[in-house]
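Asker: test case, fold it:
(2 chains)
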Amino acid sequence: MSSQHDAEFTEYMSARMPALRRLARLLCQDWSLADDLLQCAMTKAYIHWAKAARADNTDAYVRAILVREFVQERRSGWARRVTLSEQPPDARRAAADQDSALDLRTAVAALPHRQRAVLVLRYFCDLNVYQAADALGCTQGTIKSQTAKALETLRRSVGPGYDQTPSRGPARFPDYADPREVAGNV
Amino acid sequence: MFEQALAELFEEQASENPPPTQASVLAAARQGRARRRRRNAGLAAASPVLAVGAVLAITFGGLVPSSGYRAQVSSPGAHVSSPADGASAAQAPRLFSPLRPYVSPGWLPKGLSAASFVGVFTRLEDSYIDIRSTGVGLNVWSRGVCRLSSRSFTCGWPHDAGAPESIVPRPGIGRRIGEIGGRAAYWVFPSGSGTGTSPSSRFPSRQLTWQYAQGGWAVLSAPDLPDALRMARTLRFGMAAGPTAAFPFQLTGLPADWRVNQVFTRVDQGVRYAFLFGFSAGAVDTVADDFAPRQVMTVQTGPLYGSSCVSYFHHASYRRQIINGHEAFVLLKPQAWDTGAKSGLCTVSDGVLASLITEGQATVSATGLLAHHIRFLGPDPAKWTTRPIG
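Answerer: Residues are numbered from 1 along each chain as shown, chains lettered A, B, ... in the order given. I've put the predicted structure just below:
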């Protein structure tokens, strides 16, 4: 890569890093994890910079790298399905039934990563279904279904306080966590 | 509107006053250049690891005291990371065995026991993760995975197929606080700890970082230095470092190129058992294997997951089917349950739930595995096996 491309990349990323970092923070729900994600995404953006710079919308291209990195990283680590609670899932659900007053923030943080990514793209980045599908590299139908599932999960988790839709069942909690997160990022 | 509340929450979170960033544009460019070079050169993924090992050997020539490392870590016997006696330096293993821990905890702070940790074993890394997030944890990497420079200490899998270049970027190597096993140890305050909202950040943990053998690094997270040092000095290293996990099932007749690449274990009623078990396939590529881009199958089982497949496949669509005498819940849309899944099923055998999920290039489906390749060993840990592949 030429020094001119290096300079373009550095200039672009320096300007866009705060916004990308905020987006990463919403995806990860944690600043330090967001920094790790952002670092990985920027590295990939550098590798594909020639294509990114030529894209009609470089912002959208780089955002797609970030979001896909988030989803891919969470997906590829099958270990993310591991339960790291001291209680089995059923017991946790039972406890949750008794305490349905989870706030929205907690419920969003507990969403599966792909669903959270969809919500962030739709309701923070204001992307329509087509644009969100393009960013995530999936079909529009997937975006619609993931959005519906995520909203339904949130409604169940926080109860009817935020919406007119009554809570129809127990809150669902993901049975997994990223062991590296729990391990203290080592 | 609910969506409005969601948008407001995101706005609120995005407008938080952020801590200083640890991400670096220049570092991204540097890492990107290195990856492009390797890709353009058509080098195998393992090559950078070997190169890193060579760099480490040069780097530590100036950093590490010349006193040697007592234990023969590549020997079958275990050793405690005791001070060196001047013996020649031993190399850390190039690879660990996922089926057998290379390191086991010794002394633990009050309130913690072996049952407090999930053990994660791969060929490149052994980890002990405290499930209560008290800030105590241990990661030990095989030779060549970690890099130390004057400005940073990083460990990672330098692979282009989706794995991050480095998962442990740290801004500095911290204060040198003495030696462990005759090698320099550093007390590091990791970036972001104590400031975020993740479980890892609840406790302002610090990290003791040292080279347990030539080219192999350990990172021990602990709230204070005396505890960290005591834990580090009583760790047991070697192929006989700890008991091999017990597996509540046995697999036979698997495709010849399938290999175990990761095992998760927990202690229950005094038995360390494997509850998650992963395979990769194809040509041996240690770097790729251990970040699972070529995962072909995972098996989850044990008391951790309860005994209800309906709960386990919550929200998923499935059909019930009797396979090899077991009632199986077979996923109709595996990718809807997990985007990486190719096929999947859940079954309960003698009250113990097991799920079989195939991914990637798996040539055997989950139903095929249940029908022909897996045998459950019942709920009694005494009947479980330490040889999961027959």
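Asker: and the top helix by length along chain A, what does it pack onto?
Answerer: Assignment by DSSP state H gives helix A:3-28 as the longest helix of chain A. Judged by 3 or more C-beta pairs under 8 Å, 6 or more residues apart in numbering or on different chains; DSSP states H and E, the packing partners of helix A:3-28 are helix A:31-47, helix A:49-54, helix A:58-76, helix A:113-123, helix B:2-14, helix B:25-41. For glycine as for every other residue, the C-beta is placed from the backbone atoms N, C-alpha and C.
Asker: helices of the stretch 251-390 of chain B, start to end?
Answerer: Taking DSSP state H, counting those that start in this stretch, the helices of the stretch 251-390 of chain B run over residues B:286-289, B:309-312, B:334-337, B:366-372.
Asker: so which of those is nearest chain A?
Answerer: Of all the helices of the stretch 251-390 of chain B, helix B:309-312 sits nearest to chain A, with 5.6 Å by C-beta to the nearest C-beta.
Asker: so where does A:A148 fall, helix or strand?
Answerer: helix A:140-158 (DSSP states H and E).
Asker: right, is that helix up against chain B?
Answerer: Yes. Using C-beta under 8 Å from any C-beta of the partner chain, helix A:140-158 reaches chain B at A:S145, A:K149, A:L151, A:L154, A:R155.
Asker: so which of the residues you listed is the most crowded?
Answerer: The residue in the residues of helix A:140-158 next to chain B with the most neighbours, by other C-beta atoms under 10 Å in any protein chain shown, is A:L154 (24 neighbours).
Asker: okay, now the domains of the chain?
Answerer: Just so you know, I chose chain A. The record's domain parsing of chain A by automatic domain parsing lists A:3-76, A:80-178.
Asker: that's the other chain; I wanted chain B
Answerer: Split into domains by automatic domain parsing, chain B comes to B:24-237, B:249-383.
Asker: lowest average pLDDT across these?
Answerer: Of all these, the minimum mean pLDDT falls on domain B:24-237 (a mean of 64).
Asker: before we move on, the earlier item: how about the helices of the stretch 251-390 of chain B in CSV, adding mean neighbour count and distance to chain A?
Answerer: Below are those laid out as CSV (neighbours: other C-beta atoms under 10 Å in any protein chain shown; distance: least, C-beta to the nearest C-beta, whole Å):
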stretch, mean neighbour count, distance to chain A
helix B:286-289, 24, 11
helix B:309-312, 18, 6
helix B:334-337, 18, 8
helix B:366-372, 19, 14
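Asker: with adjacent residues omitted, what lies nearest to A:R63?
Answerer: Of all residues not flanking A:R63 in the chain, A:A135 sits nearest, at 6.1 Å (C-beta to C-beta, 6 or more residues apart in numbering or on different chains).
Asker: B:R236: neighbouring residues, count only.
Answerer: 18.
Asker: could you do A:L27 as well?
Answerer: 25.
Asker: cool, the one 5 residues further on as well?
Answerer: Burial of A:S32, expressed as a neighbour count using other C-beta under 10 Å, amounts to 25.
Asker: what's near enough to touch the closest residue to B:G215 other than its chain neighbours?
Answerer: Spatial nearest neighbour of B:G215, chain neighbours left out: B:R143 (3.7 Å); criterion: C-beta to C-beta, 6+ apart. For B:R143, the contacting residues are B:G53, B:Q91, B:A92, B:P93, B:R94, B:A213, B:Q214, B:G215, B:G216, by C-beta atoms under 8 Å, 6 or more residues apart in numbering or on different chains.
Asker: SS state for B:R143?
Answerer: Under the three-state scheme (DSSP: H, G, I helix; E, B strand; the rest coil), B:R143 adopts coil.
Asker: go through the helices and strands packed on helix A:3-28 and name the closest to A:T10.
Answerer: Nearest to A:T10, of all the helices and strands packed on helix A:3-28, is helix B:25-41, at 5.5 Å by C-beta to C-beta.
Asker: got a list of what B:S317 touches?
Answerer: Counting by C-beta under 8 Å, 6+ apart, B:S317 has contacts B:L331, B:L332, B:K333, B:A336.
Asker: out of these, which are buried?
Answerer: Among these, those buried by neighbour count (16 or more other C-beta atoms under 10 Å in any protein chain shown) are B:L331, B:A336.
Asker: inside strands: which ones of the contacts of B:S317?
Answerer: B:L331 (DSSP state E).
Asker: from the contacts of B:S317, which is closest to A:Q72?
Answerer: For these, the nearest to A:Q72 is B:A336 (17.3 Å; C-beta to C-beta).
Asker: quick check: the closest one vs B:R176, distance?
Answerer: Separation of B:A336 from B:R176 (C-beta to C-beta, to the nearest Å) stands at 51 Å.
Asker: with B:A222 instead?
Answerer: 17 Å.
Asker: which of the two has more neighbours?
Answerer: Per other C-beta under 10 Å, whichever of B:A222 and B:R176 has more neighbours is B:A222, with 26 against 13.
Asker: neighbours around the closest residue to the more buried one other than its chain neighbours, how many?
Answerer: In this structure, B:A222 finds its nearest non-sequential neighbour in B:A228, 3.8 Å apart by C-beta to C-beta, 6+ apart. B:A228: 24 surrounding residues under other C-beta under 10 Å.
Asker: can you name the element that comes right after the helix or strand containing B:A228?
Answerer: Using DSSP H and E, B:A228 falls within helix B:225-233. The helix or strand immediately downstream of helix B:225-233 is strand B:236-237, counting by DSSP H and E.
Asker: packing partners for that following strand?
Answerer: Contact analysis of strand B:236-237 by 3+ C-beta pairs under 8 Å, 6+ apart lists strand B:79-80, strand B:103-104 as its packing neighbours.
Asker: thinking again about what came up before, and of the helices and strands packed on helix A:3-28, who's closest to B:T385?
Answerer: Going by C-beta to C-beta, the one of the helices and strands packed on helix A:3-28 nearest B:T385 is helix A:58-76, 29.0 Å.
Asker: and for A:T106, the neighbour number?
Answerer: With other C-beta under 10 Å as criterion, A:T106 counts 13.
Asker: ugh, wrong one, I meant B:L148
Answerer: Per other C-beta under 10 Å, the neighbour tally for B:L148 reads 22.
Asker: how about it: which residues does it bridge to?
Answerer: B:F153 (DSSP bridges).
Asker: for B:L99, see how far away it is.
Answerer: For B:L148 relative to B:L99 (C-beta to C-beta), the value is 29 Å.
Asker: kindly report the same for A:R21.
Answerer: Distance from A:R21 to B:L99, by C-beta to C-beta: 40 Å.
Asker: worst-scoring helix or strand of chain A, pLDDT-wise?
Answerer: The helix or strand of chain A with the poorest confidence is helix A:179-182; it has a mean of 32 (mean pLDDT, DSSP states H and E).
Asker: list the buried residues of the helix holding B:A228.
Answerer: Going by neighbour count (16+ other C-beta under 10 Å), the buried part of helix B:225-233 is B:D227, B:A228, B:L229, B:M231, B:A232, B:R233.
Asker: for that helix, packing partners?
Answerer: Against helix B:225-233 (3+ C-beta pairs under 8 Å, 6+ apart) you get strand B:175-180, strand B:183-188, strand B:206-213, strand B:216-222.
Asker: okay, these in a markdown table with distance to B:P18 next?
Answerer: What follows is the helices and strands packed on helix B:225-233, written out as a markdown table (distance: least, C-beta to C-beta, whole Å):
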| stretch | distance to B:P18 |
| --- | --- |
| strand B:175-180 | 26 |
| strand B:183-188 | 22 |
| strand B:206-213 | 22 |
| strand B:216-222 | 24 |
